[in-house]
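**Q** Predicted model and sequence below, questions to follow.
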Amino acid sequence: MRAGWGGFELVLFIAMVLLIVGLIHFYLWKRLVRDPLRPGPARRVGTVLAVALFVLFPVTMGGVRAGYLKWLAWPGYLWIAVMFYLLITLLVLEIPRLVALRLWARPSADGSDRASHFARTTAAAPSGSSTAGPRPTGEPALSSATRGNGSTPTTGEHRGEPALSGATNGHANTQTPGEHHGEPALSGATSGHASAPTASEHRGEPALSGRASGHGGGEPALNGGGAAAFDTVDAAGAVPESSTVAESGTVAANGAVAESGAAAESGAVAESGGTGDNGALGENGATDARTGLGGGGNGEAADGGAGQGPGMDRRLLLARGTAIFAGLTAASITGYGVKTATGGPRIDRVQLPIAKLPRSMDGTRLAVVSDIHIGPLTGVEHARRITRVINSVNADLVCVVGDLVDGSVAELGRFAAPLGGIESRHGAFFVTGNHEYYSGAEEWVEEVARLGIRPLRNERVEINGLDLAGVNDLTGEEQGDGPDFARALGDRDTTRPVVLMAHQPVAAKKAAPYGVDLQVSGHTHGGQMAPFNMLVRLQQPVVSGFGKVDGVPVYVTNGAGFWGPPVRVGAPPQVTVIELRVA
């Protein structure tokens, strides 16, 4: 029954981990793929990559650790590190991102963003000589385009002259001056969902148009492409004799209709983009100067026009900037962490006073090393580097406090061989960590002893008036090989100081009743990848360095290796040299 519940708990744990990792990948996909990329091939590729990376996580944590697909170890573990720092960076950026969305690209009352609203307002405002004053009566009013949801009156509407328009573009109906005063409306083109009614539809006069498009009906428009052409319009039409209509229905500078389909000079639609001195519109505006037609049939401007406002671009720019910044930050931190983790361990020196320490032992140096984690990513050079550092400090005692390996003796024995070269005055000692119980603890205890490092399995030794004790790791309880504090610490001479080797700092709670003078531990890796150290503190009372647990002085070394991702950030690998001093 107990084993069944254990299996159920394991399945539940795996399911929860996969759910959390899936949610993390979904969040990363949204911020790094969906938000900054428009629909298309790039987004599809990003989506496939996100799914593949999600699958890589359980394959790495399960398959690689079980000895399968070893070639996935480096990419798999590196992605776990990058994923972690992408998540942290994006979460940190969420608040400034929301502020930027509200203040930099905040939508206006009409549903568009502020920048787009400003752009439309600026584009609609007259400029240059077009606002200098009304034209003399009888001259045609030239309007390059009418855009947006409302109509833009021309001077002709107030003076009775015919309005000559390059194009009308938008959703709303736009009336030409002729609708009010009986003059014919001369238009280069009309585009949009609703046709602008011409003067002839209301007054019976013919409408002169380069092109008319839309769904509205009315009298047939006469243009240069039709069967009939008008040489002149009489005085009632308010077009002087010199204002002739050419073949293509466009208006020239003197009132004539030119061939280009766009009004020239005054109020003409310019090809250069933007609004000219006489109110001309550029080729990216609502009217194409070369065709006289609107850029978008649905009231939207062509690419670069006002239909896609700057605010829309700002939101996209913000999403892309966030993604790029997060990616560069995560990659940089991971790269730094790889360099730190795969380099040689640093030497951390500390002096600790010990009550009852014999004066003959004053200044005794303990080289404490933990979490070497020899594995498929380390190779043999990893153990060589650590051995060189340990030997460089000329230690009196060497304490190897667990998590030596991540694999079987058959697989990793040759990588651990350099540890046989460790040198010290009073020898090297070893206690098991939790990873030994994942890798065949009994085999490794024998292998370590063969290398000349003495295992302390719930036992102690006396060294010149100092007791050195060691207990098995707490994880060994699951295999019937757990710690026995009474055996290691009971029935001893309490006039002598005792230093306890225990892999996990939390073991000090069980060691406290035995009057331990100092416990040396590892297990935490110092957090390995900041800010993960804040989570480690929830499980272990001391994460790195010195602390007290139920009155027991505990010193925790960061460890000399790495577990999982070959990355260390904020917790460099170290060998700790503790110098014992007489209190």
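**A** Great, that's in hand. Numbering: from 1, shown residues only.

**Q** Which neighbouring elements make contact with the helix or strand where residue 81 lies?
**A** In this assignment (DSSP states H and E), residue 81 forms part of helix 73-103. Applying 3 or more CB pairs under 8 Å, 6 or more residues apart in numbering; DSSP states H and E, one finds that helix 73-103 makes contact with helix 2-29, helix 41-58, helix 310-341. All C-beta spots, glycine's among them, are computed from the backbone N, C-alpha and C.

**Q** model confidence over the second one, on average?
**A** If you average the pLDDT over helix 41-58, you get 96.

**Q** Over to the first one?
**A** Confidence for helix 2-29, expressed as mean pLDDT, is 84.

**Q** Over to the longest one?
**A** Confidence over helix 310-341 (mean pLDDT, whole number) is 91.

**Q** Which one of the helices and strands packed on helix 73-103 lies nearest to residue 357?
**A** Ranking those by distance to residue 357, with CB to CB as the measure, places helix 310-341 first at 34.8 Å.

**Q** any idea how the protein splits into domains?
**A** 2-112+315-330, 126-307, 345-582 (automatic domain parsing).

**Q** Helices of the stretch 251-400 of the chain, residue ranges please.
**A** Secondary structure of the stretch 251-400 of the chain (DSSP state H, counting those that start in this stretch): helices at 310-341, 379-392.

**Q** got CSV for these, with distance to residue 500 and mean neighbour count too?
**A** Converted to CSV, the helices of the stretch 251-400 of the chain look like this (distance: least, CB to CB, whole Å; neighbours: other CB atoms under 10 Å):
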stretch, distance to residue 500, mean neighbour count
helix 310-341, 28, 17
helix 379-392, 20, 18
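
**Q** How about residue 57: what's its closest non-neighbour residue?
**A** Using CB to CB, 6 or more residues apart in numbering and skipping the chain neighbours, the partner closest in space to residue 57 is residue 21 (5.3 Å).

**Q** thinking again about what came up before, what about the helices and strands packed on helix 73-103, which gets the closest to residue 444?
**A** Residue 444 sits nearest to helix 310-341 of all the helices and strands packed on helix 73-103, at 22.5 Å, using CB to CB.

**Q** Kindly provide the distance from residue 501 to residue 578.
**A** Using CB to CB, to the nearest Å, we find residue 501 at a distance of 12 Å from residue 578.

**Q** any shared contact partners between the two?
**A** Common neighbours of residue 501 and residue 578, using CB atoms under 8 Å, 6 or more residues apart in numbering, are residue 520.

**Q** Could you check which of the two has the larger neighbour count?
**A** residue 501 (28 against 25; other CB atoms under 10 Å).

**Q** Residues in a beta bridge with the more buried one, which ones?
**A** In this entry, residue 501 is beta-bridged to residue 470, residue 520, by DSSP bridges.

**Q** Next: residue 366.
**A** Applying DSSP bridges to residue 366, the residues it is bridged with are residue 397, residue 578.

**Q** can you pull out the strands in the stretch 401-550 of the chain?
**A** Secondary structure of the stretch 401-550 of the chain (DSSP state E, counting those that start in this stretch): strands at 428-431, 454-455, 459-463, 466-470, 498-501, 518-521, 545-549.

**Q** Redo those as CSV? Include distance to residue 68 and mean pLDDT.
**A** Shown next, in CSV, are the strands of the stretch 401-550 of the chain (distance: least, CB to CB, whole Å; pLDDT from 0 to 100):
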stretch, distance to residue 68, mean pLDDT
strand 428-431, 29, 98
strand 454-455, 30, 97
strand 459-463, 37, 95
strand 466-470, 34, 97
strand 498-501, 34, 98
strand 518-521, 32, 98
strand 545-549, 38, 97
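
**Q** could those strands be laid out in TSV, adding distance to residue 417?
**A** Formatted as TSV, these follow (distance: least, CB to CB, whole Å):
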stretch	distance to residue 417
strand 428-431	15
strand 454-455	17
strand 459-463	25
strand 466-470	23
strand 498-501	23
strand 518-521	25
strand 545-549	31
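
**Q** Quick one, which of the ones you listed gets closest to residue 562.
**A** Closest among these, using CB to CB: strand 518-521, at 17.5 Å.

**Q** low-confidence ranges in this structure?
**A** Scanning the chain for pLDDT under 70 picks out the ranges 1-6, 105-312.

**Q** returning to what we had before: going by neighbour count, which residues of the helix holding residue 81 are buried?
**A** 73-74, 76-90, 93, 97, 100-101 (16 or more other CB atoms under 10 Å).

**Q** what does stretch 471-478 give?
**A** 471, 472, 473, 474, 475, 476.

**Q** To what extent is the residue nearest to the first one when sequence neighbours are not counted buried, counted in neighbours?
**A** The reference is to residue 471. Among residues not flanking residue 471 along the chain, residue 483 sits closest, at 3.8 Å (CB to CB, 6+ apart). Neighbours of residue 483 under the rule other CB under 10 Å: 25.

**Q** Now residue 483: phi and psi?
**A** Main-chain torsions, residue 483, degrees, to the nearest 10: phi -70, psi 150.

**Q** Now do the contacts for it.
**A** So residue 483 contacts 458, 471, 472, 473, 474, 476, 477, 502, 507, 510 (CB under 8 Å, 6+ apart).

**Q** do residue 402 as well
**A** Going by CB under 8 Å, 6+ apart, residue 402 touches 370-371, 430-436, 473, 503, 522-523.

**Q** With residue 582 instead?
**A** 353, 354, 357, 359, 362.

**Q** what do you get for residue 69?
**A** Contacts of residue 69 by CB under 8 Å, 6+ apart are 59, 63.

**Q** what separates it from residue 337, distance-wise?
**A** Taking CB to CB, one finds residue 69 at 23 Å from residue 337.

**Q** How about residue 58?
**A** 22 Å.

**Q** Please apply the same query to residue 496.
**A** Taking CB to CB, one finds residue 496 at 43 Å from residue 337.

**Q** outside of stretch 85-92, which residues touch it?
**A** 24, 27-28, 31-32, 322, 325-327, 329-330, 333-334, 529, 531.
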